[in-house]
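Undergrad: next input, structure requested:
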Amino acid sequence: MATIDTVYVLGGGEYMMNVFNGVAALIGSDSWTSMYRIALTLSGVAVMVSFMKAHDPKELLKFVAMMVMMSSILLVPKHTVHIIDRANPTGVYLVDNVPVGLAVPARFITSIGTSLTEAYETVFHTPDALTYSKTGMLFGADLVGNVSDILSVDGDLAELMGLYTKNCVIGDILINHKYSFQELMNSRDPYTLIFQKPSPLRGIIVPNGNSAAVGANGAAQSGFWTCEDMARRVLMPKLNLDTTTGGKTWSYTVKQIFGGRPDANVLYASMLGDSYNFYYQGGETASQLMRSSVVMNALKQGISGYSAQSGDTASLVNLASTSSYNKMRLSWATSSQVAVAFVPILNTILLSLVIALFPIFILLAVIHTLTGRMLFNYIMSIIYLQSWPPMFAILNYATSFYLRGKTGGMDFNLANQASIQQMHSDIGLIAGWLSISIPFIALAIVKGLGPAIAQAGNYLGTAINSSATATSSQAADGNWSFNNMQTGNVSGNKWDTNASFRDGQMTRQLSSGATSTLTSNGQEVVDTSGAMSRMAVSIKGSDAMVSSLQQSARHAKATAAASMSAYQSSVNSAWNQASQFSKQYGNSATDSTTTDSGVSSSQTEGFKKLINATETRAKNDNISNEEAFSKLVSENLDVSSTIGGKAEGGFSLPVIGGAQAYTDGNTRDTDSTQSSIQDRGARHQDARSEASSQTTRDFNEALDMINNNKLSEGTNRHDNQANSEVEQFGATLNIAKNQYEQYSRSTTESQEYSDMASFAQNNSAQIDRNLDQEFASYVRQKAPSDADEILGNTSDMRVAKERDALAQSFVKERLLPQLESDYAQNRGKIDAKDASMSTGHIPSSSDLISEYQSNDNRIKTMSTDADIKHDTAQTVQSKEALNKENIANIKDKIEEGKKEVDKQNKTLSNNHRDKLDNYNSKMEIEKSKKVDAGLLYKKDDGIKPSLREEDNGIMSKYEYDKHKNSD
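TA: Here you go, the predicted structure:
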């Protein structure tokens, strides 16, 4: 089983465990072995050099003894280190494989330091809450000091306590005199005093949303509550719950001090009670102390609120301010906070640094000449750090004992609360200030007590004398400076030998930057140069207004001149238009529609031939006229002695300024069939059919004549409307009227601006003022982002133009309205001038209107006498639309004729194909007959025809003539 060495630290046990683990890991690594061998080699070389110089065998013996001690005693043996953190005794920190050279010195030295600390605390016995080794510097005093500042963290309950104090406690003191204010201030248990006999008549108004005021039904109840009901049913039970274990205020306070420790409630109750008993010899528990503190702080806030509402500025308000000031001293004393909090942490960090540097100390100790010195320094460093805890314990007891003496005869009540806080603050400041000297005093243990004490005294004396010397010097010389701050002051190259004397004046600077000087004779002199801006542009009241008004007058005059010129031009144009109308008036509107639609003589003859051919065919075939016409159209349009077919269909639609349509249909079918059959036997028959009769030819010619039809319909539009209307003349007169009105307004405005400029210039002694600063403020308002550039840049033309524009805008917005109001009294004179100016040779607007109306009526009469029509364009458009409709109808008819022609063409093609097939079949039959009759032969057969016609099956000429004559 490995040997366990115990090491004690004041804090940071887990951190120290990591430091020991790092040292153990480093010494057990290969890198450490290499570094150790290098150090031994260098040490051996140094020993050999020393031996060669002195030839002293003791050097070799020392080197061997050092090697044996380092390897066999300090490094090779390993122990287990148990670290005990005095600030957290429940923590368990174990580190294995720690070299004996590190573990053993740390164990003995820290044990000695801890034992000395505990011995001092045993001799100077205090409760555990006041023991430095267990709780730290002045922990018990901090507990008591902090409990005096506790407020209820339940917002609803704190609100009700404030209302109860203002409406019930103050009433009991001032109205019912149940107890005095002095009794309340000196009471150690204000809780019992204020809730002992509350008023059953007076009460408080509980605001809506307050959940602490719970009624008899168990629900929150707002509105009026009597003081008695509020005390008995709400405040007393809730304050008891809030300040006991598990309450909101109790849990919040304990967590702030002990964090999340499982035994935090027990520790707080025990330590607060012991500390209070030590300082104030009282027997109250922690819950009672917290409840009393909550009630006292609520009373202070309620009394302050009542005093503020009643306008009282006396001692009751000072109570809260004094308490706040002492609380600030207790919480934010810089030296105390730094010393008490960081000096123990500094001890832990320095101890960890010494332990972490153990490998470096060993490597340096391997060197032959440094062995003894390095080991001594290492041991003394640990001793120096372990001398701090006993000194902290002694200082803690000294300050606690002093505080006990100061608070021994005091009660913990509302009157002494501020004094208690101040005493705890002072003790904390003293302890912190003295804690800073402990590192210097501890140095006396390792370097000698005399020099160290002298150094510590010098530090403390300097700290005391520095402020005292400065203050006494100021008091002796009469020089006092408060809140002075100087930064970056540079002065040089000054030379002034002039004499200057001022006496009897008192100058003060106003909030605007101007100065007011009171002279010795009582006269007050105001200098506004410090409150005025000096810029690139300067605005003087009268000059700026005069310049702006003159510029406006010139602009209005130029506008009037332009309007007068336009008026003259409009009048001349109107007269010319009227003259032209009287001399050149009339209209020319041409509307023509030409439609050609008729039947020519050739078409008449075609109809006659068609009727005759149809009747002849009906008579020959013994059929009706309708059937004959159908046959002629569909099958026998044109029959000749040749076989062929031709179909033509055409249409033309040229449209130029009107409508023209032309259709032409022509069909032709020729069919020729020749059949000659000769029976060689006894019968000779010659059959030849030619379907080419006069009837068919007449019918076809009639169709050609009828289908040749031409329709021409057109509309030629020749419109010419040249009307000189009265509206054009009226518009010209209206323009002239507007131009004259503009001229009149501009002339009046120009005259008014000129008079206002003269008025401003003549009265400049009354209204003149410097407006530079107002203009600077105006620029800041209009262009805040560019104000510095506009006001300060004097070399850029663009900025200068922008600055001038803002200056003009400033004059118009800030100066002209005031001047116009002052000038209003002279308005009648200006109107009189305008009236006299307008009575000259220039006609007025009413004259122009009457003249315009008379001329309008006269020209309309002339237009009516000239029979000027205004609907020519509409008439032409209506006829044009009608012609377009006719053209569309003609197109539809042409489309119908085209379809009929296509149909006939298809019929003829089919008929032609059938006739051709029939002809070919008959030809084959005839050829066969001729071959059989011997009239035709094949070359392969070698048969020749006979010379006699009868032998070849052909009718003889005799027989033919005979039959022909018989027909």
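
Undergrad: now stretch 771-786: buried residues?
TA: Neighbour-count burial for stretch 771-786, counted by 16 or more other CB atoms under 10 Å, picks out L771, D772, Q773, E774, F775, A776, Y778, V779. C-beta here means a position set from N, CA and C on the backbone, and glycine is covered the same way.

Undergrad: so who does the third one touch?
TA: With contacts taken as CB atoms under 8 Å, 6 or more residues apart in numbering, Q773 has the following neighbours: A531, M532, S533.

Undergrad: quick one: which of the buried residues of stretch 771-786 sit in strands?
TA: Among the buried residues of stretch 771-786, no residue falls in strands (DSSP state E).

Undergrad: please identify which of the residues you listed is nearest to L518.
TA: L518 lies nearest to Q773 out of those, by CB to CB, at 23.9 Å.

Undergrad: restricted to buried residues, select the contacts of Q773 in PyMOL.
TA: In PyMOL syntax, the buried subset of those is picked out as below (16+ other CB under 10 Å):
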select buried, resi 532
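
Undergrad: now, which of the contacts of Q773 sits nearest S292?
TA: Nearest to S292 among the contacts of Q773 is A531, at 59.2 Å by CB to CB.

Undergrad: quick one: V98 is in a strand?
TA: Yes: according to DSSP: H, G, I helix; E, B strand; the rest coil, V98 belongs to a strand.

Undergrad: mind giving me the packing neighbours of the helix or strand T80 falls within?
TA: Element membership of T80, judged by DSSP states H and E, is strand 78-85. If contacts are counted by 3 or more CB pairs under 8 Å, 6 or more residues apart in numbering; DSSP states H and E, strand 78-85 sits against strand 4-9, helix 13-27, strand 93-99, helix 100-123.

Undergrad: okay if I get the ones you listed as TSV plus mean pLDDT and mean neighbour count?
TA: Putting these into TSV (pLDDT from 0 to 100; neighbours: other CB atoms under 10 Å) gives the following:
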stretch	mean pLDDT	mean neighbour count
strand 4-9	84	21
helix 13-27	85	18
strand 93-99	87	19
helix 100-123	77	19
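
Undergrad: how about a markdown table for the ones you listed, with distance to T192 added?
TA: Listed next are the helices and strands packed on strand 78-85 as a markdown table, based on distance: least, CB to CB, whole Å:
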| stretch | distance to T192 |
| --- | --- |
| strand 4-9 | 47 |
| helix 13-27 | 46 |
| strand 93-99 | 49 |
| helix 100-123 | 38 |
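
Undergrad: out of the ones you listed, the one nearest R86 is which?
TA: Of all the helices and strands packed on strand 78-85, strand 4-9 sits nearest to R86, with 6.4 Å by CB to CB.

Undergrad: Y384 and F361, how far apart?
TA: Using CB to CB, to the nearest Å, Y384 is found at 15 Å from F361.

Undergrad: distance of P344 relative to Q509?
TA: To Q509, P344 is 54 Å away according to CB to CB.

Undergrad: more neighbours, the two?
TA: Per other CB atoms under 10 Å, whichever of P344 and Q509 has more neighbours is P344, with 24 against 12.

Undergrad: okay, the more buried one: pLDDT?
TA: Here the pLDDT value assigned to P344 is 71.

Undergrad: any idea how far it is from T117?
TA: For P344 relative to T117 (CB to CB), the value is 12 Å.

Undergrad: what touches both of the two?
TA: Joint contacts of P344 and T117 (CB under 8 Å, 6+ apart) are F392.

Undergrad: where does the residue nearest to I194 when sequence neighbours are not counted land in three-state SS?
TA: Of all residues not flanking I194 in the chain, V169 sits nearest, at 5.3 Å (CB to CB, 6 or more residues apart in numbering). At V169 the chain is in helix, as set by three-state DSSP.

Undergrad: neighbours of V169, how many?
TA: Counted by other CB under 10 Å, the residues lying close to V169 total 26.

Undergrad: isn't it up against L193?
TA: No: if you go by CB atoms under 8 Å, V169 and L193 don't touch, sitting 9.2 Å apart.

Undergrad: now do the shared contacts for those two.
TA: Each of L184 lies in contact with both V169 and L193 under the rule CB under 8 Å, 6+ apart.

Undergrad: and of the helices and strands packed on strand 78-85, who's closest to D917?
TA: Between D917 and the helices and strands packed on strand 78-85, the shortest gap by CB to CB is with helix 13-27, which sits at 120.7 Å.

Undergrad: in PDB, could you pull the C-alpha coordinates for the closest one?
TA: The C-alpha trace of helix 13-27 is given here as PDB (Å, rounded to 0.1, in the frame of the first residue of the first chain):
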ATOM      1  CA  GLY A  13      -8.200  22.000  -4.000                       C
ATOM      2  CA  GLU A  14      -9.200  20.800  -7.500                       C
ATOM      3  CA  TYR A  15      -6.700  23.200  -9.100                       C
ATOM      4  CA  MET A  16      -3.900  21.900  -6.800                       C
ATOM      5  CA  MET A  17      -4.800  18.300  -7.700                       C
ATOM      6  CA  ASN A  18      -4.300  19.100 -11.400                       C
ATOM      7  CA  VAL A  19      -0.900  20.700 -10.600                       C
ATOM      8  CA  PHE A  20       0.300  17.600  -8.700                       C
ATOM      9  CA  ASN A  21      -1.000  15.400 -11.500                       C
ATOM     10  CA  GLY A  22       1.000  17.400 -14.000                       C
ATOM     11  CA  VAL A  23       4.200  17.200 -12.100                       C
ATOM     12  CA  ALA A  24       3.800  13.400 -11.600                       C
ATOM     13  CA  ALA A  25       3.100  12.900 -15.300                       C
ATOM     14  CA  LEU A  26       6.100  15.000 -16.300                       C
ATOM     15  CA  ILE A  27       8.600  13.200 -14.100                       C
END
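
Undergrad: and the very next helix or strand once past it with helix 13-27, angle?
TA: Using DSSP H and E, the helix or strand that follows helix 13-27 in sequence is helix 30-54. Note on geometry: by axes from the mean of the first three to the mean of the last three CA atoms, to 10 degrees, helix 30-54 and helix 13-27 are set 60 degrees apart in direction.

Undergrad: what angle do the helix or strand that comes right after helix 30-54 and helix 30-54 make?
TA: For helix 30-54, the following helix or strand on the C-terminal side (DSSP H and E) is helix 57-68. Here helix 57-68 runs at an angle of 170 degrees relative to helix 30-54 (the same axes, to 10 degrees).

Undergrad: got the phi/psi numbers for Y179?
TA: phi -150, psi 160 (degrees, to the nearest 10).
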